[in-house]
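Enquirer: following is a predicted model, sequence given first.
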Amino acid sequence: MAASRICLGLAILGLYVISLSASADEVVVLTDQNFDKEVGQDRAALVEFYAPWCGHCKKLAPEFEKLATSFKKAKSVLIGKVDCDDHKETCNKFGVSGYPTIKWFPKGSLEPKSYEGARTAEALVEFVNSEGGTNVKIAAVPSSVVVLNSDNFDEIVLDTTKDVLVEFYASWCGHCKSLAPIYEKVAAAFNLEKDVVVANIDADIHKDIGEKYGVSGYPTLKFFPKGNKAGEEYEGGRDLDDFVNFINEKCGTSRDGKGQLTSKAGVVAALETLVKEFVSAGDVEKKAAYNRLQEEVAKLEGPSSRYGEIYLKSAQKCMDKGADYAKNEIQRLDRILAKSINAVKADQFTLKKNILSAFA
């Protein structure tokens, strides 16, 4: 089962941050507007018709995603899905009356064949290969979730330098299976955060761990912050945004659901007033304003200290290159960020852009 990991255990998985981000959401989203443009054309398609509230659809989601990842490079086959709550016209057109409904559309045809097989990635891959004449092997999807067991639980979860979110699950639990794809996205979103770990443990196998932390139902989520390794219950919602907002609030991070830094990332409130003084100061007073900024940066600790250094470099560049430096540099960074660059570089440029905004 796919679980989530936030912050630390990422050191090991950090090398496939980019491949993981790319593998999330490989299923093509189909709508009333684009269905006929994507399906029934020059490639065959396997389409899931689903409803977002449907429990069976949630259980199918990780299997269907694995299927789509497996066929990512197969140009002759499309793996897609239609939200029937939002796109009733298309679902009605194909007589969808229950969820999930899976249909196979041969190349060049809008006359589908219903899929009645098992709802596992393995069975779906076998079906698509048979119908589409392909020979695709099921892909192993790398996970960002740190898998815990009795041997490594204390080392990872009780590390006082890390904030750790743990899902206690059982492999037979339907609610756990529904949560799995969401939890995986949570882990992927925080894959670059050094002090956050998103993890899970099969508490049905490791009963001693579950009993120690009072786990009586599945899934149970507990948060183990740096300052409280007794753990505290996670009682928030179970959508991606709920988890992301929780982690940002508790861990001081600034990520969105796709793992990208938000416009708040790197901004140090304690420096904002001094930056305004620096920007508005005349040429003679600017050095004195810079010195005051430098003194305040020296007092910062943790991540704020690192961000403070970017503030100082930005201020120095403004003095060296003139008042338009910040505005021109932000425009340059926007052009770079609009391109396909790796996640680490994107973080660096976004932090710099956010901080430069105070000088523009």
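Expert: Great, that's in hand.
Enquirer: just checking, S178 touches H56?
Expert: No - assessed by CB atoms under 8 Å, S178 is found out of contact with H56, at 9.3 Å. Any C-beta I mention is one placed from the backbone N, CA and C, and that applies to glycine too.
Enquirer: those two: which has the busier surroundings?
Expert: S178 (21 against 15; other CB atoms under 10 Å).
Enquirer: which one is that one nearest to, not counting chain neighbours?
Expert: K58 (3.6 Å; CB to CB, 6 or more residues apart in numbering).
Enquirer: can you give me the strands in the protein?
Expert: 28-30, 44-50, 77-83, 101-105, 113-114, 146-148, 163-169, 196-202, 220-224, 232-233 (DSSP state E).
Enquirer: ok, which of the ones you listed comes nearest G266?
Expert: strand 196-202 (16.3 Å; CB to CB).
Enquirer: can you report how many residues lie near A346?
Expert: For A346, using other CB under 10 Å, the count is 19.
Enquirer: check D83 too.
Expert: If we define neighbours as other CB under 10 Å, then D83 has 18 of them.
Enquirer: for the residue nearest to S178, what are its contacts?
Expert: 177-178, 181 (CB atoms under 8 Å, 6 or more residues apart in numbering).
Enquirer: hmm, back to that, relative to Y290, which of the strands of the chain is closest?
Expert: strand 196-202 (33.6 Å).
Enquirer: elements contacting the closest one?
Expert: Other helices and strands packing on strand 196-202, by 3 or more CB pairs under 8 Å, 6 or more residues apart in numbering; DSSP states H and E, are strand 146-148, helix 153-157, strand 163-169, helix 174-189.
Enquirer: and with 6 Å instead?
Expert: strand 146-148, strand 163-169 (3 or more CB pairs under 6 Å, 6 or more residues apart in numbering; DSSP states H and E).
Enquirer: the shortest one: how far from the chain's middle?
Expert: Put simply, strand 146-148 sits 17 Å off its chain's centre (CA atoms, centre = their mean, to the nearest Å).
Enquirer: what is the mean pLDDT for that strand?
Expert: The pLDDT scores in strand 146-148 average 96.
Enquirer: again with the longest one
Expert: For strand 163-169, mean pLDDT is 98.
Enquirer: gap between it and the chain center?
Expert: Relative to its parent chain, strand 163-169 has a centroid offset of 16 Å by CA atoms, centre = their mean.
Enquirer: can you lay out the strands of the chain as a markdown table showing distance to V344?
Expert: Formatted as a markdown table, the strands of the chain follow (distance: least, CB to CB, whole Å):
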| stretch | distance to V344 |
| --- | --- |
| strand 28-30 | 28 |
| strand 44-50 | 34 |
| strand 77-83 | 30 |
| strand 101-105 | 38 |
| strand 113-114 | 45 |
| strand 146-148 | 20 |
| strand 163-169 | 21 |
| strand 196-202 | 16 |
| strand 220-224 | 26 |
| strand 232-233 | 31 |
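Enquirer: spell out for me which residue occupies the centre of this protein.
Expert: Central residue check for the chain by CA atoms, centre = their mean: the C-alpha nearest the mean position is that of A189, 2.8 Å away.
Enquirer: please point out which parts of the biggest helix by length in the chain sit buried.
Expert: Counting by DSSP state H, the longest helix found in the chain is helix 303-321. By neighbour count on 16 or more other CB atoms under 10 Å, the buried set for helix 303-321 is 303-304, 307-308, 310-312, 314-315, 318.
Enquirer: and those as TSV, adding pLDDT?
Expert: TSV is the format used below for the buried residues of helix 303-321 (pLDDT from 0 to 100):
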residue	pLDDT
P303	84
S304	91
Y307	95
G308	95
I310	96
Y311	96
L312	96
S314	95
A315	95
C318	93
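Enquirer: how about stretch 275-292: buried residues?
Expert: By 16+ other CB under 10 Å, the buried positions in stretch 275-292 come out as 275, 277-279, 286, 289-290.
Enquirer: revised request: answer the last question for stretch 31-48.
Expert: By 16+ other CB under 10 Å, the buried positions in stretch 31-48 come out as 35, 38-40, 43-48.
Enquirer: who touches that stretch?
Expert: Stretch 31-48 has contacts (CB atoms under 6 Å, 6 or more residues apart in numbering) with 30, 64, 76-81, 87, 89-90, 100, 102-107, 109-110, 128, 132.
Enquirer: give me the buried subset of these.
Expert: 30, 64, 77-81, 87, 90, 100, 102-105, 128, 132.
Enquirer: show me the contacts for the residue nearest to K264 when sequence neighbours are not counted.
Expert: Nearest residue to K264, sequence neighbours excluded (CB to CB, 6+ apart): S254, at 4.6 Å. With contact set as CB under 6 Å, 6+ apart, S254 has these partners: 261-262, 264-265.
Enquirer: burial count for the closest residue to I310 other than its chain neighbours?
Expert: Leaving out its chain neighbours, the residue that sits closest to I310 by CB to CB, 6+ apart is I355, at 5.0 Å. Neighbours of I355 under the rule other CB under 10 Å: 24.
Enquirer: any regions of this structure where pLDDT drops low?
Expert: Within the chain, the ranges that satisfy pLDDT under 70 run 1-25, 141.
Enquirer: look up how far M319 lies from the most far-flung residue of it relative to its centre.
Expert: The C-alpha centroid of the chain is most remote from V284, which lies 47.1 Å away (CA atoms, centre = their mean). Distance from V284 to M319, counting by CB to CB, to the nearest Å: 12 Å.
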